[in-house]
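Visitor: got a structure for you, letters missing:
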């Protein structure tokens, strides 16, 4: 039963995939799945937004600063969407300017630890939820 529930997300990503093509489907948290394919492709599938993102690295240390900012931005947008909160609301609730929140969401900057703690509190998540594990 669980396999069929998860398999539907593989087919949303690739309608032509077969079970032979997939090595594993791992639930990373309440919403995100990590789908690993035999051809080496790795995909994070957000079951809440039905958005997917290909993962091109095995270790966070492989990323440049710019890539790491983009990864943070993806996580922030995803968590904001799940919490139905806008940039403006997040700025107000964290006492941060909307311009800075916009820069975080676009991957142009990352918040300080103090600001990140405030953001996590408002979004009812852990600071760790903004960082990637090794895939």
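Guide: Thanks, I have the structure now. As the structure is a computational prediction, the values presented were derived from the model and not from experiment. Residues are numbered from 1 along each chain as shown.
Visitor: can we go C-alpha only for contacts and neighbour counts from here?
Guide: Noted.
Visitor: Walking through the chain, point out its helices one by one.
Guide: Secondary structure of the chain by DSSP state H: the helices cover 2-13, 65-82, 87-94, 98-106, 113-122.
Visitor: Tabulate those (JSON lines), appending mean pLDDT and mean neighbour count.
Guide: Below are the helices of the chain laid out as JSON lines (pLDDT from 0 to 100; neighbours: other C-alpha atoms under 10 Å):
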{"stretch": "helix 2-13", "mean pLDDT": "84", "mean neighbour count": "14"}
{"stretch": "helix 65-82", "mean pLDDT": "90", "mean neighbour count": "18"}
{"stretch": "helix 87-94", "mean pLDDT": "97", "mean neighbour count": "16"}
{"stretch": "helix 98-106", "mean pLDDT": "97", "mean neighbour count": "18"}
{"stretch": "helix 113-122", "mean pLDDT": "96", "mean neighbour count": "16"}
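Visitor: Tabulate the ones you listed in TSV, adding columns for distance to residue 36.
Guide: Formatted as TSV, the helices of the chain follow (distance: least, C-alpha to C-alpha, whole Å):
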stretch	distance to residue 36
helix 2-13	10
helix 65-82	19
helix 87-94	32
helix 98-106	27
helix 113-122	29
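Visitor: tell me the contacts of the spatially most central residue of the chain?
Guide: For the chain, the residue nearest the mean C-alpha position is residue 75 (3.7 Å; C-alpha atoms, centre = their mean). Contacts here follow C-alpha atoms under 8 Å, 6 or more residues apart in numbering; on that basis residue 75 touches 129, 130, 131.
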